[in-house]
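**Student:** Just need the structure, nothing else, for what follows:
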Amino acid sequence: MKTGRHIQTPEQTQHSNFLLSVLQKMGVERDRFGMSTGIVDLS
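**Tutor:** Residues are numbered from 1 along each chain as shown. Down below sits the predicted model:
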């Protein structure tokens, strides 16, 4: 994952969606994290 950048998400996006996406990028197999409702595109 490329560092040193700003991830722009739509308003009202749960922070837990971002954290879930990071976990998945690190190889953790989870479908939910906290109050997540989906994942964020980190590409």
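**Student:** quick one: Pro10 from Asn17, how far?
**Tutor:** 10 Å (CB to CB, to the nearest Å). From N, CA and C alone the C-beta is placed, and that goes for glycine too.
**Student:** which one of the two has more residues nearby?
**Tutor:** More neighbours surround Asn17 than the other of Pro10 and Asn17, with 18 against 6 (other CB atoms under 10 Å).
**Student:** Grab the nearest non-local neighbour of the residue nearest to the spatial centre of the chain.
**Tutor:** Nearest to the geometric centre of the chain sits Phe18, at 2.2 Å (CA atoms, centre = their mean). Spatially, and ignoring its direct neighbours in sequence, Phe18 is nearest to Val40 (4.9 Å; CB to CB, 6 or more residues apart in numbering).
**Student:** Can you name the residues that contact that neighbour?
**Tutor:** Val40 makes contact with Ile7, Thr9, Thr13, Asn17, Phe18, Ser21 under the criterion CB atoms under 8 Å, 6 or more residues apart in numbering.
**Student:** Just the strands from the protein, written as ranges.
**Tutor:** Assigned strands in the chain: none (criterion: DSSP state E).
**Student:** Point out where this protein drops to low pLDDT.
**Tutor:** 1 (pLDDT under 70).
**Student:** Helices along that one, start to end?
**Tutor:** 15-25 (DSSP state H).
**Student:** can you count the residues close to Leu20?
**Tutor:** Residue neighbour count, defined by other CB under 10 Å, stands at 22 for Leu20.
**Student:** same thing with Phe33?
**Tutor:** 19.
**Student:** Pull stretch 26-36 out as CSV, backbone CA atoms only.
**Tutor:** The C-alpha coordinates for stretch 26-36 follow below in CSV (Å, rounded to 0.1, in the frame of the first residue of the first chain):
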residue,chain,number,x,y,z
MET,A,26,-2.7,-6.7,5.3
GLY,A,27,-4.2,-10.2,4.7
VAL,A,28,-6.6,-10.3,7.6
GLU,A,29,-9.8,-12.2,6.4
ARG,A,30,-12.6,-10.1,7.9
ASP,A,31,-16.0,-9.1,6.5
ARG,A,32,-16.8,-6.5,9.2
PHE,A,33,-14.9,-4.3,11.6
GLY,A,34,-16.8,-2.4,14.2
MET,A,35,-19.7,-0.6,12.5
SER,A,36,-18.3,-0.9,9.0
